[in-house]
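Engineer: output the structure for:
(one chain, ligands or ions: 2)
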Amino acid sequence: MSLLSVLTLDENELVACVACGLCLPHCPTYRVTGLEAASPRGRIAAMQAVQFGDAPLDATFERYMEECVQCRGCEAACPSSVPFGHLMEGARGVLHEQRRSERRWRRRLAEWLGYRLVLPRHRLLLALTWLLLVAQRLHLVPRRLGLPRLSVRSLARRLRVPAGDAPDAYLFTGCVMDAWQRDTHRAAIRVMAATGARPGLPRGGADCCGALHVHAGREEEARRLARRVIAALPGTAPVVVDSAGCAAAMKDYGRLLDTDEARTFATRVRDFSEWLARQPPPAVRADGGRVVVQDPCHLRHVQHADGAVREVLGRAYELAETDDDGLCCGAGGAYNALQPALATQIRDRKVEAIRRAAGDGRPRVASANPGCAMHLAAAGLDVRHPADLLAEALE
Ligand code: SF4
Ligand code: SF4
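Structural biologist: Ligands and ions are numbered 1, 2, ... in the order given. Sure thing, here's the model as predicted:
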């Protein structure tokens with residue numbers, strides 16, 4: 001073990017945990033395993049043992065950290081305001097630097113392809129999406145992956161916004177969502193226009209917000225992507241984001257880049273529903289039927305915009321609530337690919353909660369995050385983005 005194999009987390013943040021355990025019921029991995037090592041308190045203790053003691057930064061420590069979904073349910077529940085998300089991102093950053101070479105070559109290749117090659121190059125992602133579409137038509141893509149059914153019509157058409165000078169609000173289009181769920185962007189643009197606002201699109205360069213990179217501890221790459229996003233969205237207009245994970249990351253650009261420009265940019269970022277709730281309400285039919293609301297963790301625990309989703313959806317739908325206090329669904333960015341067994345166990349609980357909330361029949365679920373939507377759809381649920389639901393309900 002190298003002498004450099006130590007954690008360098010913020011000591012004040014690390015000692016803020018008083019080990020009270022009040023966060024444990026809010027932790028999805030603790031709920032499904034019952035193991036202290038899979039709880040927020042256990043993970044913080046492991047970080048403390050490496051940083052302050054002589055515990056090694058080894059494969060066991062890496063596993064404890066990687067089993068965390070980074071949902072931040074613990075952070076929202078913590079009476080001592082322990083910034084768990086920041087601690088975990090720091091631990092992942094050190095693991096990325098110091099343990100990357102120990103990982104299997106297949107994982108290193110997949111990470112290089114995903115984080116370095118494809119996500120920062122939107123045209124390449126779109127080209128690969130066409131190949132994926134062909135594979136889907138040939139029934140080569142398993143349904144359990146939960147990929148939305150890709151559409152030639154949607155992929156072949158660019159997003160369109162009204163012509164004009166400065167927009168009233170931008171819609172951030174991002175990476176995977178623009179490739180796989182572009183119709184949701186179209187729905188968001190329709191709803192934005194129905195408020196009387198003129199929506200605009202980013203200039204070239206806003207290929208990816210870097211949220212997945214931050215989660216994986218690849219902060220330098222995330223910083224490069226964040227600078228490009230900021231440059232592609234000039235002016236002072238709000239930046240509306242219809243992916244909860246992306247919006248949460250973009251609201252944190254001030255901390256990530258530590259510049260005044262980034263801090264100013266972050267104040268312009270709004271989740272789609274958060275922005276919509278403050279606009280003149282578009283005319284909608286109020287008979288859309290029953291919808292179960294699923295709170296993506298980065299919408300509820302990080303952005304605290306879960307109330308806005310209910311406010312805008314409630315104008316057109318009868319809303320049903322789950323009884324699990326907003327527990328994570330297990331999607332967690334790339335978590336369901338890296339930890340499939342835990343992700344499935346966590347999802348099973350969420351699916352049960354959704355079915356209880358729905359009562360009879362096949363539930364329709366509203367989810368404001370594309371990762372959660374795909375993860376839940378892979379379990380057979382009918383999951384829609386609030387923008388899709390509202391666009392359907394427009395007069
Ligand atoms: S993270 Fe907060 S809630 Fe959890 S054990 Fe530590 S102090 Fe208690
Ligand atoms: S971020 Fe989520 S999964 Fe990780 S320790 Fe906190 S509650 Fe558990």
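
Engineer: quickly note the distance from the closest residue to ligand 1 within the stretch 201-350 of the chain to residue 28.
Structural biologist: Of all residues in the stretch 201-350 of the chain, residue 301 sits closest to ligand 1, at 13.2 Å by C-beta to the nearest ligand atom. For glycine as for every other residue, the C-beta is placed from the backbone atoms N, C-alpha and C. Per C-beta to C-beta, to the nearest Å, residue 301 is found 12 Å from residue 28.

Engineer: what of residue 284?
Structural biologist: 34 Å.

Engineer: what about those two, which has more around it?
Structural biologist: The residue with more neighbours, out of residue 284 and residue 28, is residue 28; 27 against 21, by other C-beta atoms under 10 Å.

Engineer: mind splitting this protein into its structural domains?
Structural biologist: 11-102, 122-276, 290-393 (automatic domain parsing).

Engineer: adding mean pLDDT and distance to ligand 2, write those out as CSV.
Structural biologist: Supplementary listing: these in CSV, determined by pLDDT from 0 to 100; distance: least, C-beta to the nearest ligand atom, whole Å:
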stretch, mean pLDDT, distance to ligand 2
domain 11-102, 96, 3
domain 122-276, 95, 11
domain 290-393, 95, 6
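
Engineer: quick one, which of these is packed in tightest?
Structural biologist: For the domains of the chain, the stretch with the most neighbours on average is domain 290-393, a mean of 21; neighbours defined as mean count of other C-beta atoms under 10 Å.

Engineer: start to end distance for that domain?
Structural biologist: 13 Å (C-alpha to C-alpha, to the nearest Å).

Engineer: and that domain, how far out from the chain middle?
Structural biologist: Here domain 290-393 is found 12 Å from its chain centre; the criterion is C-alpha atoms, centre = their mean, to the nearest Å.

Engineer: tell me, what residue is most central in this structure?
Structural biologist: residue 245 (2.5 Å; C-alpha atoms, centre = their mean).

Engineer: from the contact counts, what lies against the helix or strand harbouring it?
Structural biologist: Element membership of residue 245, judged by DSSP states H and E, is helix 244-250. Judged by 3 or more C-beta pairs under 8 Å, 6 or more residues apart in numbering; DSSP states H and E, helix 244-250 is in contact with strand 169-172, helix 211-215, helix 219-232, strand 239-241, strand 269-271, helix 370-377.

Engineer: one step back: as TSV, the domains of the chain with distance to residue 115 would be great.
Structural biologist: As requested, the domains of the chain are arranged in TSV below (distance: least, C-beta to C-beta, whole Å):
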stretch	distance to residue 115
domain 11-102	10
domain 122-276	6
domain 290-393	9
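
Engineer: next one: phi and psi at residue 323?
Structural biologist: Dihedral angles of residue 323 (phi, psi; degrees, to the nearest 10) stand at phi -100, psi 20.

Engineer: was I right to think it contacts residue 355?
Structural biologist: No - Residue 323 is not in contact with residue 355 according to C-beta atoms under 8 Å; the separation is 11.2 Å.

Engineer: from residue 172, how far out is residue 238?
Structural biologist: From residue 238 over to residue 172 (counting by C-beta to C-beta), the distance is 10 Å.

Engineer: likewise for residue 236?
Structural biologist: When C-beta to C-beta is the yardstick, residue 236 and residue 172 sit 15 Å from each other.
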